[in-house]
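Colleague: structure for the following, please:
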Amino acid sequence: MLRTRLTTTATLATLAALILTGCTAAPGGTAESATPGASASTVTITDNFGEITVPVKPSRVVALDNTLFKTLNDWNIDLVAAPKGVMGTAWPKYVDNSDVLDIGNHREPDLEKIIEADPDLVLGGYRFGSYYEEIKKMVPATIEINPRAEEDVISELKRQTEILGSIFDRREDAAKLSGGLDGAITEAKTASAGIGTVLAVIVSGGKIGYVAPITGRSLGLLYPTLGLTPAIEQDAENTSHGDDLSPEAIAAANPDWIVVLDRDGGFGESDYVPAKDVLENAEALKNVTAVTKGQIVYADPSFYLDEGIQSYTRLFTDLGTAFSAAA
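Modeller: Numbering: from 1, shown residues only. Here you go, the predicted model:
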């Protein structure tokens with residue numbers, strides 16, 4: 001009888017140890033499920049503020065960062081709240097869904113909607129970066145993985161995508177997105193050899209804004225990434241929306257190519273003036289090489305709304321195609 005009791009006690013102890021082992025954190029800080037063969041329930045990532053452990057495949061997600069929306073949309077990630085006021089017409093799956101609470105825009109956000117949504121995870125940052133501390137107090141599982149200003153944007157977009165892949169268990173899809181961006185850059189860089197000078201601009205409200213090489217919003221990185229020669233090379237006071245640039249100044253610089261970000265293209269406003277009309281109907285630009293040769297590349301209308309990895313991949317692809325055709 002004594003031997004039987006001891007054997008039973010040992011068996012129970014061994015079983016308990018196995019159960020506890022199944023709940024301990026795996027190497028790298030990822031907590032494993034107690035069920036043999038099951039996926040991890042949490043993952044430790046490094047966001048813009050440091051290491052944080054978040055749920056894998058969270059069911060209730062709030063997303064505030066525009067650079068993430070395309071990926072979340074394509075991966076069929078449901079949202080419980082989003083800032084519909086800055087999403088334009090690009091993501092009807094979220095904007096037109098009444099079950100997705102509207103946080104508004106970054107100028108006057110309704111942060112109480114975040115509490116109401118009761119999220120497992122908040123993907124903050126970008127236009128909502130100034131509210132990080134406030135949101136973090138409401139939802140500790142708040143992260144920011146938007147491209148950091150002091151870092152290379154291309155590397156940051158790939159880092160962001162890799163983190164999303166880890167969180168939503170879509171690592172292979174994330175790797176494909178990063179590989180697609182690298183491939184598009186390589187092809188555009190090869191095709192850009194000997195194309196002449198390039199001018200990048202932002203058009204909004206019928207006005208043209210100068211995008212400074214390197215520091216200028218969205219398009220400034222094209223110069224160092226592809227090794228482009230600027231048609232105008234000067235610092236800009238407004239690196240976010242571009243300094244005012246007159247058609248006469250563009251004519252004097254006479255760029256061989258113009259790359260355009262149409263800032264208003266994705267909002268669907270009734271008084272919208274397409275960038276194409278602004279540039280190609282300007283009398284002062286009619287003899288500019290880029291205009292006469294049709295060497296103007298327009299970013300997709302949703303680019304300003306998104307500025308994510310897919311938008312850059314498409315832009316580099318379009319540039320590579322245009323450069324190759326001209327050659």
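Colleague: Tyr298 touches Lys276, doesn't it?
Modeller: Yes - the pair Tyr298 / Lys276 is scored as a contact, 6.6 Å apart, by Cβ atoms under 8 Å. Any C-beta I mention is one placed from the backbone N, CA and C, and that applies to glycine too.
Colleague: now do the shared contacts for the two.
Modeller: Counting by Cβ atoms under 8 Å, 6 or more residues apart in numbering, the residues touching both Tyr298 and Lys276 are Asp262.
Colleague: higher neighbour count, the two?
Modeller: For Tyr298 and Lys276, the more surrounded residue by other Cβ atoms under 10 Å is Tyr298, and the numbers stand at 19 against 14.
Colleague: show me the contacts for that one.
Modeller: By Cβ under 8 Å, 6+ apart, the contact list for Tyr298 reads Val260, Asp262, Ala275, Lys276.
Colleague: so which residues of the stretch 151-300 of the chain form strands?
Modeller: Secondary structure of the stretch 151-300 of the chain (DSSP state E, counting those that start in this stretch): strands at 197-204, 207-210, 229-230, 243-244, 257-262, 296-298.
Colleague: the fifth one - contacts with which helices or strands?
Modeller: Pointing back at strand 257-262 there. Contacts defined by 3 or more Cβ pairs under 8 Å, 6 or more residues apart in numbering; DSSP states H and E place strand 257-262 against strand 197-204, helix 275-280, helix 289-292, strand 296-298, helix 303-306.
Colleague: Ala326 is nearest to which of the strands of the stretch 151-300 of the chain?
Modeller: With Cβ to Cβ as the criterion, Ala326 lies closest to strand 257-262 of the strands of the stretch 151-300 of the chain, at 8.4 Å.
Colleague: that older thread, export the contacts of Tyr298 as TSV, with columns for pLDDT.
Modeller: Shown next, in TSV, are these (pLDDT from 0 to 100):
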residue	pLDDT
Val260	97
Asp262	93
Ala275	93
Lys276	93
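Colleague: just name the closest of those residues to Lys57, please.
Modeller: Of these, the one sitting nearest to Lys57 (Cβ to Cβ) turns out to be Asp262, at 36.1 Å.
Colleague: ok, that closest one - contacts?
Modeller: Residues near Asp262 by Cβ under 8 Å, 6+ apart: Val203, Ser204, Pro274, Ala275, Lys276, Tyr298, Ala299, Pro301, Phe303, Tyr304.
Colleague: try it again at 6 Å.
Modeller: By Cβ atoms under 6 Å, 6 or more residues apart in numbering, the contact list for Asp262 reads Val203, Ala275, Pro301.
Colleague: comparing the helices and strands packed on strand 257-262, which gets the lowest mean pLDDT score?
Modeller: Of all these, helix 303-306 carries the lowest average pLDDT, namely a mean of 90.
Colleague: gap between that one and the chain center?
Modeller: Taking the mean of its C-alpha atoms, helix 303-306 sits 9 Å from the chain's own mean (Cα atoms, centre = their mean, to the nearest Å).
Colleague: any idea which helix or strand comes after it?
Modeller: Following helix 303-306 in sequence order, the next helix or strand is helix 309-326 (DSSP states H and E).
Colleague: pull the residues that contact that following helix.
Modeller: The contact list for helix 309-326 (Cβ under 6 Å, 6+ apart) reads 70, 157, 161, 177, 180-181, 184-185, 187-188, 191-192, 195, 297, 299-300, 303.
Colleague: which residues of the stretch 51-200 of the chain fall in helices?
Modeller: With DSSP state H, counting those that start in this stretch, the ranges of helices along the stretch 51-200 of the chain come out as 66-74, 92-95, 112-117, 132-138, 153-167, 171-191.
Colleague: quick check: which of the ones you listed is nearest to Thr44?
Modeller: That would be helix 153-167 among the helices of the stretch 51-200 of the chain, by Cβ to Cβ, at 9.1 Å.
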